[in-house]
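Colleague: A predicted structure for the sequence below; I have some questions about it.
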Amino acid sequence: MDILSMGDVQLEKYITKIMLDIGVPAHLKGYHYLRDAIMLSGKDMEAVSSVTKLLYPTIAKHFKTTDQKVERAIRNAIEVSWTRGNSDTFEELFGYSYEQGRPRPTNSEYIARIADKIRLDVREM
């Protein structure tokens, strides 16, 4: 199975589970933007290589907001999950965590890593 043959609802549930495991608070706007970004990137990894030109504008259009607000909200959601989230899950996904004194991953690193994990996990199903 590949990620494109997986239903959108099923994929969204899977992404949500990972995001909650990492510790992204669901009440933040960035949570919803991040889930969309991961979903879009999982389906097309090219989206991660052009976050400012492709990914943010697509999400902004979907949520009727601006690219800048999408970027800022995603950055905030990542920052919150990085400092308050599950460090074991971060170490498993990224190889390092906040507790090791490392800086948080960039938006594109974060999105790409989770999207890649999902693509690999779906292949194993």
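Modeller: Received the coordinates, thanks. These numbers were taken from a predicted model, which means no experiment stands behind them.

Colleague: For the protein, which helix or strand comes out least confident on mean pLDDT?
Modeller: helix 46-49 (a mean of 81; mean pLDDT, DSSP states H and E).

Colleague: Which elements pack onto that helix?
Modeller: helix 29-43, helix 107-124 (3 or more C-beta pairs under 8 Å, 6 or more residues apart in numbering; DSSP states H and E). Yep, even glycine has a C-beta here, placed from its N, CA and C like the rest.

Colleague: gap between the first one and the chain center?
Modeller: In other words, helix 29-43. Counting by C-alpha atoms, centre = their mean, to the nearest Å, helix 29-43 is centred 5 Å from the centre of its parent chain.

Colleague: now swap in the longest one and tell me
Modeller: In terms of C-alpha atoms, centre = their mean, the gap separating the centre of helix 107-124 from the centre of its chain is 8 Å.

Colleague: List the buried residues for that helix?
Modeller: By neighbour count on 16 or more other C-beta atoms under 10 Å, the buried set for helix 107-124 is 107-108, 110-116, 118-119, 122.

Colleague: Direction-wise, compare that helix with helix 29-43 and give the angle.
Modeller: In terms of direction (axes from the mean of the first three to the mean of the last three C-alpha atoms, to 10 degrees), helix 107-124 departs from helix 29-43 by 50 degrees.

Colleague: List the residues that contact Leu120.
Modeller: Leu120 makes no contacts at all, as judged by C-beta atoms under 8 Å, 6 or more residues apart in numbering.

Colleague: can you list the helices and strands packed on helix 46-49 in CSV and add distance to Lys64 and mean pLDDT?
Modeller: Shown next, in CSV, are the helices and strands packed on helix 46-49 (distance: least, C-beta to C-beta, whole Å; pLDDT from 0 to 100):
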stretch, distance to Lys64, mean pLDDT
helix 29-43, 12, 93
helix 107-124, 20, 89
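
Colleague: mind putting those helices in TSV, distance to Thr16 included?
Modeller: TSV is the format used below for these (distance: least, C-beta to C-beta, whole Å):
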stretch	distance to Thr16
helix 29-43	6
helix 107-124	11
